[in-house]
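Engineer: sequence-free structure coming up:
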């Protein structure tokens, strides 16, 4: 389901790939059964392509990675978190347009 520049995050790689990243990271918390998540998927892939080399963009399946989802208080999906230097700088809940996500990234890169 992910595009060529869209990473897959998990409980096992989240610390290294997201929290210790030297570049900003956008994480899409989603699940296969979630229709709004599936609708957001192509937007996440577009963002990953647009920001390749500047921002890490990836998805975390909340069903398979409940530890990380719980740690960040993910109660509804889709939820998109933008991290910089291991800290959350922006949080989006629900289906959001590409321009909102792009604006959040443009503000930190």
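Structural biologist: On my side now, so go ahead. This is a predicted model, so every value here is computed, not measured.

Engineer: Give the buried residues for the longest helix along the chain.
Structural biologist: When the chain is parsed with DSSP state H, its longest helix is helix 35-50. If you call a residue buried by 16 or more other C-beta atoms under 10 Å, then helix 35-50 has these buried ones: 37, 40, 41, 43, 44, 45, 46, 47, 48. For the C-beta atoms, the positions are set from N, CA and C on the backbone; glycine is no exception.

Engineer: list the contacts for the first one?
Structural biologist: With contacts taken as C-beta atoms under 8 Å, 6 or more residues apart in numbering, residue 37 has the following neighbours: 28, 30, 31, 77, 78.

Engineer: if we can go back for a sec, can you give the distance from the longest helix of the chain to the centre of its chain?
Structural biologist: Using C-alpha atoms, centre = their mean, to the nearest Å, the distance from the centre of helix 35-50 to the centre of the chain it belongs to is 10 Å.

Engineer: what does the average pLDDT come to for the following helix or strand past it?
Structural biologist: Using DSSP states H and E, the helix or strand that follows helix 35-50 towards the C-terminus is strand 56-61. The average pLDDT within strand 56-61 is 98.

Engineer: which residue is nearest the middle of the protein?
Structural biologist: For the chain, the residue whose C-alpha lies nearest the mean C-alpha position (C-alpha atoms, centre = their mean) is residue 27; its distance is 1.4 Å.

Engineer: Tell me how many other residues crowd the nearest residue to that one once chain neighbours are set aside.
Structural biologist: The shortest distance from residue 27 to any residue other than its chain neighbours is 5.0 Å, reached at residue 81 (C-beta to C-beta, 6 or more residues apart in numbering). Residue 81: 20 surrounding residues under other C-beta atoms under 10 Å.

Engineer: The helix or strand containing residue 81 pairs with which strands, parallel or anti?
Structural biologist: Under the criterion DSSP H and E, the helix or strand holding residue 81 is strand 79-84. Each strand paired with strand 79-84, and its direction, by DSSP bridges: strand 25-30 (antiparallel), strand 87-93 (antiparallel).
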